[in-house]
Every structure is written in C-alpha cells, then in structure tokens.
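Q: Would you be able to build a 3D model of this:
(one chain, ligands or ions: 1)
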Amino acid sequence: MKKQAFMTMDVESYYDTTSLQNTDIVVDDKFNCADQIDRFLDLLEKENIKATFFVTISFLPKCKDFLLKAIKQGHEIALHCYEHEVIKDISKKDFDLLIKKSKEILKEELDVEPIGYRFPCFEYRDELLKVLKENGFIYNSSSSMKDGEIYQLNGLYEVPLIKKYFLGKKILISGGGYGRGFPRHKYLSWVKKYISSHNYYIFYFHPFEIYEGELPLPSNANKRLKYFINHGRKDYLDKIKKIIHFLKENDYEFSTIKDALK
Ligand SMILES: [Zn+2]
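A: Coordinates of the predicted model:
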C-alpha cells in the first residue's frame with residue numbers, strides 16, 4: 001500500500017491567531033508573517049515535495065505574491081476561510097455567501113478553483129459540509145475524530161489530522177501548537193512511532209509559528225498566551241524538516257491533497 005504524506009499550511013496573518021482575538025493587540029503589518037510562507041516554499045523546493053496551502057481570504061492582499069509563487073511551483077491552493085471567523089454557529093445561508101465570495105476572489109486574484117477546505121479552529125457542523133459540496137468542494141481537512149486514513153464523510157472526503165492521547169489528554173501529532181509546545185525529542189519520537197506503523201500522515205502549521213524574531217503581544221497577555229505565541233518558534237522549521245526526513249526514510253510519498261484524491 002502506498003504511504004501518503006501531506007504537508008499543509010494554514011495561511012493567515014499572525015493577527016488572525018485565535019488566542020489574540022478580543023485582545024488589545026495593535027495590528028502592525030511588519031509582523032503579519034506573510035514572508036514566512038516564502039521560507040516554507042524554500043524548504044519544499046529543497047526537499048522537492050508539494051504541499052497544500054489553506055488560504056484566509058482577508059490575508060490575500062498581504063501574501064498574494066507568495067501564493068502566486070506557490071502555484072508556479074506546483075503547490076495546491078485550498079480555502080481556510082474568509083476572515084478567520086470561527087463559523088461553527090453561522091447559518092447555512094450566510095456560510096454559502098461567504099464561500100461564494102471567497103471562491104470568486106480566489107478565481108479573480110489567483111485564478112484558482114479550490115476543492116479543499118479547512119475550518120478555522122477545526123470547528124464546524126455537518127450541515128456546513130453540504131454547503132461545501134454544493135460549491136464544488138471535494139474534501140474537508142478539519143477533523144481528527146477518526147484518523148489514520150482519508151475517508152468519506154457527508155459526501156466529502158475527510159483528510160483528518162492525527163491525534164494521540166497523552167496523560168489522558170488529546171493532542172495532535174499533526175503539528176499546530178502541539179508540535180511547537182512539546183519538547184523536540186518527545187514530539188519527534190511520537191511522530192516517528194506513528195509514521196513507522198501507518199500509511200497516512202498530515203502536518204499543518206501557520207506562518208507565524210516559524211517566525212524567529214520577537215512578536216508583539218497584547219498589553220495584558222498572560223503567561224499562558226506568552227508561552228503559546230513564543231514557545232518553540234525558533235527551530236520549528238528545522239523540526240518540520242526532520243519530520244519530512246522521517247517520512248522520506250519510511251517511504252512516504254508527498255503530494256498535494258488534490259493530487260492524492262484524483
Ligand atoms: Zn486558522
């Protein structure tokens with residue numbers, strides 16, 4: 001059986017980070033982290049692998065050139081959301097409008113028709129999957145209920161994140177804050193153990209997570225928020241490179257999600 005690996009990035013501004021919502025942080029575009037997309041593109045080129053970029057429409061004006069470069073290099077553009085709103089409770093009708101508007105903009109700006117979607121914070125309800133299907137989407141990548149392989153869910157393919165339980169708590173071994181937060185050796189050993197006994201792996205992260213400099217924080221940021229934003233960013237891209245190497249050593253093939261579903 002073919003072993004499949006998917007590297008994905010949720011393309012959003014640092015200021016879209018959910019834990020910064022409803023804080024007094026002042027937006028300064030110097031720190032939106034759009035240029036980190038380019039560092040990921042460099043790594044992908046060096047490793048000669050293709051990836052999938054889930055794009056936030058409101059961030060598009062700041063990162064358009066990097067996404068055009070990604071398209072030129074053969075990567076996939078999928079949709080993350082319109083404004084990084086958590087839309088679990090949105091009406092079907094409003095979601096449909098957002099999706100149509102987002103698709104129109106992606107077509108106009110990047111000449112792309114997305115077939116994949118990832119919900120902000122992985123929060124959604126089944127009804128919304130129908131809207132995606134009606135709008136030509138083929139897959140969703142927002143669940144970790146069942147993992148280890150791509151499966152069908154409500155008429156779409158679900159390309160799930162991978163979880164494990166550690167001290168009774170669910171953590172993702174597909175990246176996100178967990179990939180940065182846990183000590184390098186421990187996290188890599190979990191990933192290694194998983195990929196050596198499965199045929200499916202997916203990884204996701206955000207541009208800000210590989211930014212190596214200091215990032216602005218809200219004036220009232222507590223210890224937890226400071227830790228979440230700052231921990232492990234400095235060598236995260238290198239950790240990601242290590243994961244790519246483990247996957248290669250274990251005979252995984254990398255592709256965009258779109259190509260794997262053809
Ligand atoms: Zn997001």
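
Q: Enumerate the residues of the chain near the ion.
A: 10, 12, 120 (CB under 5 Å from the ion). (Glycine included, C-beta is placed from N, CA and C.)

Q: quick one: the helices in this structure?
A: 36-47, 60-72, 92-110, 126-134, 177-181, 184-195, 223-230, 236-249, 257-261 (DSSP state H).

Q: hang on, the earlier thing: which one of the residues of the chain next to the ion sits in the busiest neighbourhood?
A: For these, the largest neighbour count, defined by other CB atoms under 10 Å, is 26 neighbours, found at Glu12.

Q: if I pick the residue nearest to that one when sequence neighbours are not counted, what's in contact with it?
A: Leaving aside its chain neighbours, Glu12 sits nearest to Thr56 (4.2 Å; criterion: CB to CB, 6 or more residues apart in numbering). Residues in contact with Thr56 (CB atoms under 8 Å, 6 or more residues apart in numbering) are 10-13, 16, 80-84.

Q: Which of those fall within strands?
A: 10-11, 80-81 (DSSP state E).

Q: hmm, back to that, narrow the contacts of Thr56 to those that are buried.
A: Those of the contacts of Thr56 that meet the buried threshold are 10-13, 16, 80-82, 84, by 16 or more other CB atoms under 10 Å.

Q: Adding distance to Leu167, write these out as JSON lines.
A: Formatted as JSON lines, the buried ones among the contacts of Thr56 follow (distance: CB to CB, whole Å):
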{"residue": "Asp10", "distance to Leu167": "27"}
{"residue": "Val11", "distance to Leu167": "32"}
{"residue": "Glu12", "distance to Leu167": "30"}
{"residue": "Ser13", "distance to Leu167": "33"}
{"residue": "Asp16", "distance to Leu167": "30"}
{"residue": "His80", "distance to Leu167": "31"}
{"residue": "Cys81", "distance to Leu167": "32"}
{"residue": "Tyr82", "distance to Leu167": "37"}
{"residue": "His84", "distance to Leu167": "31"}
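
Q: Go through the residues you listed and name the one nearest Gln73.
A: Closest to Gln73 out of the buried ones among the contacts of Thr56 is Val11 (14.7 Å), distances taken as CB to CB.

Q: what sits against the closest residue to the closest one other than its chain neighbours?
A: Nearest-residue entry for Val11: Val55, 4.6 Å, with adjacent residues in sequence omitted and distances by CB to CB, 6+ apart. Contact analysis of Val55 by CB under 8 Å, 6+ apart lists 11, 63, 67, 77-80, 106, 114.

Q: and what of Gly175?
A: Contacts of Gly175 by CB under 8 Å, 6+ apart are 203-205, 240.

Q: try it again with 6 Å
A: Contacts for Gly175 (CB atoms under 6 Å, 6 or more residues apart in numbering) come out as 203-205.

Q: try Ser141
A: So Ser141 contacts 118, 159 (CB under 6 Å, 6+ apart).
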